[in-house]
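1. Return a 3D structure for these sequence lines:
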Amino acid sequence: MPTALITGCSSGFGLETARLFLDRGWDVVATMRKPREDVLPASDRLKVLALDVTDAASIERAVADAGAIDVLVNNAGIGWLNPLEGTPIPTAREIFETNTLGTMAMTQAGIPQMRERGSGVIVNVTSTVTLKPLHLLSVYTASKAAVNAFTECLALELEPFGVRARIVLPGRAPETRFGDNARARMTAGIPEAYADIAQGVFASWAQDSLVTRPLDVAEGVWRAATDPNCPMHLPAGADAVAQAAALQ
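-> Prediction:
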């Protein structure tokens, strides 16, 4: 059976993606900072590993323990909503270390075995916030837009070796713990001068009828992993699909 290594599996998109791949007969290496086997169904096709994508030693151990990987899903990430003026530079570094450099480091660690084997897929989960400018998202969007550009160039680098790279772009997912954690971070320290803008952003969210469910993203990752004809950019979620269509 093919094997998928998925980062950020403790909740949300990563957890649902691990479940879907298990349900469809794949071997799954589910990674998370603090491993919890109780969040996934018991299976002899499941391996749960500790992984911090910002720690080189942790990456090396996880990739070695995972063994042969057919698909690498870079899903681990942290959210942030605040103007640049309200974003401490150490926080910006933390966001880029996880969202951008963590993705690059995991990809770099996974490439050699795929290149030598002449097959494999790398799926990077970013965000539809990269599709158009939005209030209070300059730092977070930059971290994800960098992954988009990275993946596009990576695909060219790896194509001669039979390895594919694709991007899945979720929309807003209020029902995930990622959203809860991000919201707590978002509401901390927004400068007073931006209060009206922030209030407008939160109000617009309350009116949104279209959102992204974890299963939408899992299905998008599945398609990116298994369909050689999948487009480079794959919106995942009703709001994501609508937003991408509006820009065409």
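2. For the chain, just list every one of the strands.
-> For the chain, the strands defined by DSSP state E cover 3-6, 27-32, 46-50, 71-74, 120-125, 163-170, 233-236.
3. Select, out of the ones you listed, the one closest to A57.
-> With respect to A57, and counting by C-beta to C-beta, the nearest of the strands of the chain is strand 46-50 at 11.0 Å. (Glycine included, C-beta is placed from N, CA and C.)
4. May I see the buried residues of stretch 124-142?
-> 124-131, 136-142 (16 or more other C-beta atoms under 10 Å).
5. quick revisit: quickly compare the strands of the chain and say which is most buried.
-> Greatest average neighbour count among those goes to strand 71-74 (a mean of 28), per mean count of other C-beta atoms under 10 Å.
6. Would you mind writing the CA trace of it as CSV?
-> Extracted in CSV, the C-alpha atoms of strand 71-74 (Å, rounded to 0.1, in the frame of the first residue of the first chain):
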residue,chain,number,x,y,z
VAL,A,71,3.0,11.4,-0.6
LEU,A,72,4.1,14.2,1.7
VAL,A,73,1.3,16.5,2.9
ASN,A,74,2.6,19.7,4.4
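7. And that strand, what does it pack against?
-> strand 3-6, helix 102-117, strand 120-125, helix 214-226 (3 or more C-beta pairs under 8 Å, 6 or more residues apart in numbering; DSSP states H and E).
8. Mean pLDDT for those - can I get that in CSV?
-> Listed next are the helices and strands packed on strand 71-74 as CSV, based on pLDDT from 0 to 100:
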stretch, mean pLDDT
strand 3-6, 98
helix 102-117, 98
strand 120-125, 98
helix 214-226, 98
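9. Distance to A50 added to the ones you listed, as JSON lines?
-> Below are the helices and strands packed on strand 71-74 laid out as JSON lines (distance: least, C-beta to C-beta, whole Å):
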{"stretch": "strand 3-6", "distance to A50": "13"}
{"stretch": "helix 102-117", "distance to A50": "14"}
{"stretch": "strand 120-125", "distance to A50": "20"}
{"stretch": "helix 214-226", "distance to A50": "22"}
